[in-house]
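A.B. asks: Need a 3D model of the sequence below.
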Amino acid sequence: QVQLVESGGGSVQVGGSLRLSCTASGGAFSFSAMGWFRQAPGKEREFVAAISPGDISKYYGDSVKGRFTISRDNAKNMVYLQMNSLKSGDTAVYYCAQAVGQRASMSMRCDYWGQGTQVTVSS
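C.D. replies: Have a look, this model is predicted:
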């Protein structure tokens, strides 16, 4: 059974940085597109970033382009989200997700989800 565990969330001031990590277990990681999504209170879940299985293609939501960077380490079964120049609007629970055997895209359908990690950006 695939398990995804996020870490690295926390509280930061506007303009600061955080790096989220996601550890995957249970197999198929190197054949899976991986993504980060977020959900703020009272809002729908939002696509943040995705990365292809071979780390060739990356996609970003419009609101985070130029500020966030997704990366992965297939040897360690981990995916990361480096978040810079954080804004108050980035406050949300961030989820790691895995799409087995799929290409990365903004509309990829994920098979597995982590429990989420809270990111709070304050002024």
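A.B. asks: I'd like the distance between residue 51 and residue 43.
C.D. replies: With distances taken as C-beta to C-beta, to the nearest Å, residue 51 is found 24 Å from residue 43. Where C-beta positions appear, they are placed from N, C-alpha and C, glycine not excepted.
A.B. asks: what's the answer for residue 109, then?
C.D. replies: Residue 109 is 20 Å from residue 43, by C-beta to C-beta.
A.B. asks: what's the answer for residue 80, then?
C.D. replies: Separation of residue 80 from residue 43 (C-beta to C-beta) stands at 24 Å.
A.B. asks: And these two? Which one has more around it.
C.D. replies: Under the criterion of other C-beta atoms under 10 Å, the comparison of residue 80 against residue 43 puts residue 80 first, with 19 against 9.
A.B. asks: Pull out the buried residues from the helix or strand containing that one.
C.D. replies: Assessed by DSSP states H and E, residue 80 sits inside strand 78-83. Within strand 78-83, the residues scored as buried using 16 or more other C-beta atoms under 10 Å are 78-81, 83.
A.B. asks: Quick one: those as TSV, columns for pLDDT and distance to residue 63 too.
C.D. replies: As requested, the buried residues of strand 78-83 are exported to TSV (pLDDT from 0 to 100; distance: C-beta to C-beta, whole Å):
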residue	pLDDT	distance to residue 63
78	97	24
79	98	20
80	98	19
81	98	14
83	98	12
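A.B. asks: Give me the contact list for stretch 76-85.
C.D. replies: 15, 17-25, 29, 34, 36, 48-49, 51, 64, 67-73, 90, 94, 96, 119 (C-beta atoms under 8 Å, 6 or more residues apart in numbering).
A.B. asks: Got a quick PyMOL command for the buried subset of the residues you listed?
C.D. replies: Buried members of the contacts of stretch 76-85, defined by 16+ other C-beta under 10 Å, are picked up in PyMOL with:
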select buried, resi 18+20+21+22+23+24+29+34+36+48+49+51+64+68+69+70+72+90+94+96+119
